[in-house]
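In: When you get a sec, could you give me coordinates for this:
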Amino acid sequence: MELNKTDYKRLGDYIREVDVRNRDLKVTKLLGVSVSKEFMSSIANTIGTDMSTYKIVKYKQFVYIADTSRRGDKIAIALLTNNENAIVSQAYTVFEVIDDNRLLPEYLMMWFRRPEFDRYARFHSHGSAREIFDWDEMCDVILPIPPIERQREIVSEYETLSRRIELNNKIISRLEETAQTLYRKMFVDGIDKENLPDGWRMGTLGEISQYINEKIYLKEIDESLYISTENMLKDKKGITVSTNKPNNGKGIKFQINDILISNIRPYFKKIWKATFNGAASNDVLCIRSKNTFSPSILYYVLENDTFFEYVIAGSNGVKMPRGDKNWIMKYPLLIPSQQFTEIFNQKIIIIHKFIIKCKQENHILTELKFLITKKIK
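Out: The predicted structure is shown next:
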């Protein structure tokens, strides 16, 4: 469906700012907003903070951060899609659609996810010490608003793909729990480190793995094959598709089965076992197993909370701590016999095939979602 000039509208005619404060302190769920356009649990220290000044955000209301100067050319904005009220910083802007029979909030959120909107917001940000995309600039955004029936069709297509991705993620989560259980049963539970089975021994991470520092020009790879700390998900949830690959410079050349770990703020526990070849930013550690040591066993060792606690203990810096690469390679671990390693690999291979299949499907579905947003033009 082609849109004509009359379909392009000024956003300010369809939205209004909302400023409801948490005066009675009834709302306690504090959220932040990420550049990936999602709400996230806030890690801010609120001890001694007057939470009554914080703003309440409700179902189908938007929150955005006007300060765009330190967010990698992206604007942090999100739509609350559940019925549980939350609070956000008083520095954030909360707004809502005036009439969802004229403009669907979900359709508008799709527009905000477009890279073109990020570029527009950065271009129209202003200020010296901090660049701000203020409320007036937001209201002056011109976007295509087709008839409500067409909006519903586009949103329905997008949400169908989203539900399939969500289902796949649940399957992946269950499979990974099964694999982790198998690993613990074979190599953790009931293992006496003082009386190890024949052929087993204690060693260090550096004995069975190494950092990969081979470089590749970023212009040579597709954006979907780029991994940075920004598109790695916290709490060991893998990655999302990148939308912010630099056009210049070099990245670390990784390959399938390499283990990537964000070396910034290790308490976020960002880790991913590569399912494709690509390039990573220099803030990402690329670890590869040596010789015949199982990449799967190595991954389960590194995704354990004990490993991240070890990295945090040796990290440097306060505001943005980084792991110490030498310290990390001294991490003590159990090295099983080759026989037990092969038994584990035989059992785990079927699980991993299903996991990889689901992740590959999600990669395709995510690209299809992006293509749907391109219909809004």
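
In: Show me where the stretch 51-200 of the chain has its strands.
Out: For the stretch 51-200 of the chain, applying DSSP state E, counting those that start in this stretch gives strands covering 55-57, 61-64, 77-79, 86-88, 93-97, 142-144.

In: tell me what the second one is packed against?
Out: Translated: strand 61-64. Judged by 3 or more C-beta pairs under 8 Å, 6 or more residues apart in numbering; DSSP states H and E, the packing partners of strand 61-64 are strand 31-33, strand 77-79, strand 93-97, helix 105-112. C-beta here means a position set from N, CA and C on the backbone, and glycine is covered the same way.

In: let's go with 7 Å and repeat that
Out: strand 77-79, strand 93-97 (3 or more C-beta pairs under 7 Å, 6 or more residues apart in numbering; DSSP states H and E).

In: could you point out the longest helix in the chain?
Out: With secondary structure taken from DSSP state H, the chain has its longest helix at helix 148-187.

In: Okay, buried residues for that one please.
Out: Within helix 148-187, the residues that count as buried by 16 or more other C-beta atoms under 10 Å are 150-151, 154-155, 158, 161, 165, 168, 172, 175-176, 179, 182-183, 186-187.

In: next one: stretch 211-231
Out: Buried residues in stretch 211-231, counting neighbours by 16+ other C-beta under 10 Å, are found at 212, 216, 218, 221, 224-231.

In: Also stretch 18-28?
Out: 18, 22, 27.

In: low-scoring stretches of the stretch 201-350 of the chain, by residue?
Out: 243 (pLDDT under 70).

In: all helices of it, in order?
Out: 205-208, 295-302, 305-313, 325-329, 338-373 (DSSP state H, counting those that start in this stretch).

In: Quick one: residues contacting N168.
Out: When contacts are counted by C-beta atoms under 7 Å, 6 or more residues apart in numbering, N168 touches 358, 361-362.

In: I meant to write M329 there.
Out: With C-beta under 7 Å, 6+ apart as the criterion, the residues that contact M329 are 204-206.

In: at 8 Å instead, please
Out: Contact analysis of M329 by C-beta atoms under 8 Å, 6 or more residues apart in numbering lists 204-206, 209, 211.

In: most neighbours, which of those residues?
Out: When these are compared by neighbour count (other C-beta atoms under 10 Å), S209 ends up highest, at 24 neighbours.

In: still on that earlier bit, take the helices and strands packed on strand 61-64 and write them to CSV, including distance to F370, mean pLDDT and mean neighbour count.
Out: What follows is the helices and strands packed on strand 61-64, written out as CSV (distance: least, C-beta to C-beta, whole Å; pLDDT from 0 to 100; neighbours: other C-beta atoms under 10 Å):
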stretch, distance to F370, mean pLDDT, mean neighbour count
strand 77-79, 17, 95, 24
strand 93-97, 23, 97, 20
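
In: Can you pull up the most central residue in this structure?
Out: L233 (3.3 Å; C-alpha atoms, centre = their mean).

In: count of neighbours near S52?
Out: 11.

In: Give me the pLDDT value at it.
Out: We have a pLDDT of 93 for S52.

In: does N213 really touch F254, like I thought?
Out: No. Between N213 and F254 there is no contact under C-beta atoms under 8 Å: 10.6 Å.

In: what sits in contact with each of those two?
Out: C286.

In: now N83: how far from I142?
Out: N83 is 32 Å from I142, where distance means C-beta to C-beta, to the nearest Å.

In: Determine which member of those two has the greater number of neighbouring residues.
Out: With neighbours defined as other C-beta under 10 Å, N83 and I142 compare such that I142 has more, 11 against 8.

In: ok, for the more buried one, nearest residue in space, not its chain neighbours?
Out: Y8 (5.4 Å; C-beta to C-beta, 6 or more residues apart in numbering).

In: got the domain boundaries for the protein?
Out: Following automatic domain parsing, one finds the domains of the chain at 5-146, 148-181+337-377, 201-335.

In: With distance to N195 as added columns, please give those domains in CSV.
Out: Formatted as CSV, these follow (distance: least, C-beta to C-beta, whole Å):
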stretch, distance to N195
domain 5-146, 41
domain 148-181+337-377, 15
domain 201-335, 12
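
In: E194: which of those is closest?
Out: Relative to E194, the nearest member of the domains of the chain by C-beta to C-beta is domain 201-335, separated by 9.8 Å.

In: Now do the end-to-end distance for the closest one.
Out: End-to-end distance for domain 201-335: 5 Å, by C-alpha to C-alpha, to the nearest Å.
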